[in-house]
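Q: sequence first, predicted model second:
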Amino acid sequence: MNITEQNQGEIKLRVRAGMALLDKERPGWRDAINLDKLDLQSCYKCILGQIYSDFITGCSILGIEGEANSYGFDVDWQVTVEWNDVEVSDEIQEEVIWNAYKETWVQEISCGGGE
């Protein structure tokens, strides 16, 4: 099960937009991120949760309520997953999508993307 190449590119663009927003609004934000504890499904361990104490507060401070998925802070459920004609549960599909976002954040932060 894989995220389509087109959707992986879209996820990377969104994550980079989130990084650029944080670079502008909260310089040094990378120092607040513990990649070992990063959990995008947690309001407290996600990117904004680790920086602003919780997801909702972060969205409010950044002025992106309802737009967090445009910055890679929340998932876009329109992402297409290739299943190779295998039937899988919605739960597994959601996990694959969340993991794609997390892996992109980790990769971009680790390689210094957006700096």
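A: Yes, it's here.
Q: once you drop chain neighbours, what's closest to residue 64?
A: Using C-beta to C-beta, 6 or more residues apart in numbering and skipping the chain neighbours, the partner closest in space to residue 64 is residue 71 (6.2 Å). To be clear about C-beta, it is placed using only N, CA and C from the backbone, and glycine gets the same treatment.
Q: tell me the contacts of that neighbour?
A: Counting by C-beta atoms under 8 Å, 6 or more residues apart in numbering, residue 71 makes contact with 14, 15, 17, 18, 21, 64.
Q: residues contacting the residue nearest to the first one when sequence neighbours are not counted?
A: Nearest-residue entry for residue 14: residue 72, 3.8 Å, with adjacent residues in sequence omitted and distances by C-beta to C-beta, 6+ apart. When the contact criterion is C-beta under 8 Å, 6+ apart, the partners of residue 72 are 11, 14, 15, 16, 17, 18, 47, 101, 104, 105.
Q: I'd assumed residue 109 was in contact with the fourth one.
A: Which is residue 16. No - applying C-beta atoms under 8 Å as the test, residue 16 and residue 109 come out as separate, 11.0 Å apart.
Q: picking that back up, I'd like to know which of the contacts of residue 71 are buried.
A: Neighbour counting by 16 or more other C-beta atoms under 10 Å classes 14, 15, 18, 21, 64 among the contacts of residue 71 as buried.
Q: give the buried residues for the helix or strand harbouring residue 91.
A: Using DSSP states H and E, residue 91 maps to helix 90-110. Burial within helix 90-110, assessed by neighbour count using 16+ other C-beta under 10 Å, is assigned to 96, 97, 100, 101, 102, 104, 105, 108, 109.
Q: distance check, the last one against residue 21.
A: Using C-beta to C-beta, to the nearest Å, residue 109 is found at 14 Å from residue 21.
Q: quick one, grab the pLDDT at residue 84.
A: If you check residue 84, the pLDDT there is 60.
Q: also residue 11?
A: So, for residue 11, pLDDT stands at 92.
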